[in-house]
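Enquirer: Sequence and computational prediction follow.
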Amino acid sequence: MSDFKAFYDLFLSRMDTARQEKNSAEFQRLLHVVEPDWKPEEQELFADYCQNKAGLFALFGDNIDLDDWMQKALQFSNPNQYRHVYFKWLRLYFHQLKALTEEARIRANFSAVFRISSEAQALEKDEHNKLAFQSMRLLSLAALGKHAECESEMEKLVMKPVPVALLNDKNNHIDFYSNIYKLIVAALEIRNGRLLHKILGMVTVDDMLMKAPIPLFRKFNTVVMDLADLRPEVAADFNYFYEMRKKWAGFFPNFSLFTMMIVEENTKGLEMFFKSMN
């Protein structure tokens, strides 16, 4: 076994133990370990190490080093792994957002999400993964108060109906379903009912529902609940935004109003909210 492989195996073992024991001091020590030289054939292993090292810096809010290590991960990854690296990078920022309370830090994180997702979507070729990155990009625009820009960019999206086979394949397109609710949140925040209807029509499992002469809120509720039942990734993201509704009231005031009415079971208010959308 090479020196680097032995080092990395021990590094992962220490990380796992620290995670189980919630040992912050050990995480701190792991931040400062110096890795031995690695061989050319270990390039992918080093790229994986870079991502784990970035995750450690993310734990302590050191985002300059977080970004540096993720850039190294991109540098030493094969191009077919770029998607994985970008999704990992963005997950680290969204995980951080759960703990942030200062407005300036929240704004900085959403700015980072915009920057990283913009890079990623420009490189992505798969239409559904591209939409996942675009969803994060548009969400960050809405959070930063750039509603007109968000609306303009959303208008340009190509949103074809998602094949049922893709929906039913639980082992694929996990990142798409982990992030598509962010696009729905962005549409709610900019209060554009026509674009929201288009998004719902893309992901619905019931095409006839979108053609039915029923209120938009009923369509929204049915589509999102059906998706959450079928794809746990959608349910997890839905719960994430529900949990953050109060913390982010200053960044997503319209979405926060919407969730408040859900909590209060204010059906009449919800129907008025949707009717008043553009």
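Expert: Great, that's in hand. Computed from a prediction, not measured in an experiment: that's the story for all the values here.

Enquirer: contacts and neighbour counts: CA atoms only from here.
Expert: OK.

Enquirer: Before we move on, what's the pLDDT of Phe217?
Expert: Per-residue pLDDT puts Phe217 at 87.

Enquirer: Name the nearest residue to Leu209, sequence neighbours excluded.
Expert: Lys219 (6.8 Å; CA to CA, 6 or more residues apart in numbering).

Enquirer: Same check on Ala235?
Expert: Ala228 (4.4 Å).

Enquirer: Measure how far the helix or strand encompassing the residue nearest to Leu209 is from the centre of its chain, please.
Expert: Per DSSP states H and E: Lys219 is located in helix 216-230. Centroid separation for helix 216-230 versus its chain: 20 Å, with CA atoms, centre = their mean, to the nearest Å.

Enquirer: do stretch 87-97 as well
Expert: 7 Å.

Enquirer: List the buried residues in it.
Expert: 87-90, 92-94, 96-97 (16 or more other CA atoms under 10 Å).

Enquirer: ok, and what's touching that stretch?
Expert: 51, 55, 58-59, 61, 70, 106, 109, 112-113, 116-117, 175 (CA atoms under 8 Å, 6 or more residues apart in numbering).

Enquirer: Using CSV, write out every CA atom in it.
Expert: Provided in CSV are the C-alpha atoms of stretch 87-97 (Å, rounded to 0.1, in the frame of the first residue of the first chain):
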residue,chain,number,x,y,z
PHE,A,87,-23.1,19.1,-6.5
LYS,A,88,-21.0,18.2,-3.4
TRP,A,89,-19.7,21.8,-3.3
LEU,A,90,-23.2,23.3,-3.4
ARG,A,91,-24.5,20.8,-0.8
LEU,A,92,-21.8,22.1,1.6
TYR,A,93,-23.1,25.6,1.2
PHE,A,94,-26.7,24.6,1.7
HIS,A,95,-25.8,22.6,4.8
GLN,A,96,-24.0,25.6,6.2
LEU,A,97,-27.0,27.8,5.6
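
Enquirer: Now secondary structure, distance to Arg245 and pLDDT too, for the buried residues of stretch 87-97, in JSON lines please.
Expert: Output for these, formatted as JSON lines (DSSP: H, G, I helix; E, B strand; the rest coil; distance: CA to CA, whole Å; pLDDT from 0 to 100):
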{"residue": "Phe87", "secondary structure": "helix", "distance to Arg245": "23", "pLDDT": "98"}
{"residue": "Lys88", "secondary structure": "helix", "distance to Arg245": "24", "pLDDT": "97"}
{"residue": "Trp89", "secondary structure": "helix", "distance to Arg245": "23", "pLDDT": "98"}
{"residue": "Leu90", "secondary structure": "helix", "distance to Arg245": "20", "pLDDT": "98"}
{"residue": "Leu92", "secondary structure": "helix", "distance to Arg245": "19", "pLDDT": "97"}
{"residue": "Tyr93", "secondary structure": "helix", "distance to Arg245": "17", "pLDDT": "97"}
{"residue": "Phe94", "secondary structure": "helix", "distance to Arg245": "14", "pLDDT": "96"}
{"residue": "Gln96", "secondary structure": "helix", "distance to Arg245": "16", "pLDDT": "95"}
{"residue": "Leu97", "secondary structure": "helix", "distance to Arg245": "12", "pLDDT": "94"}
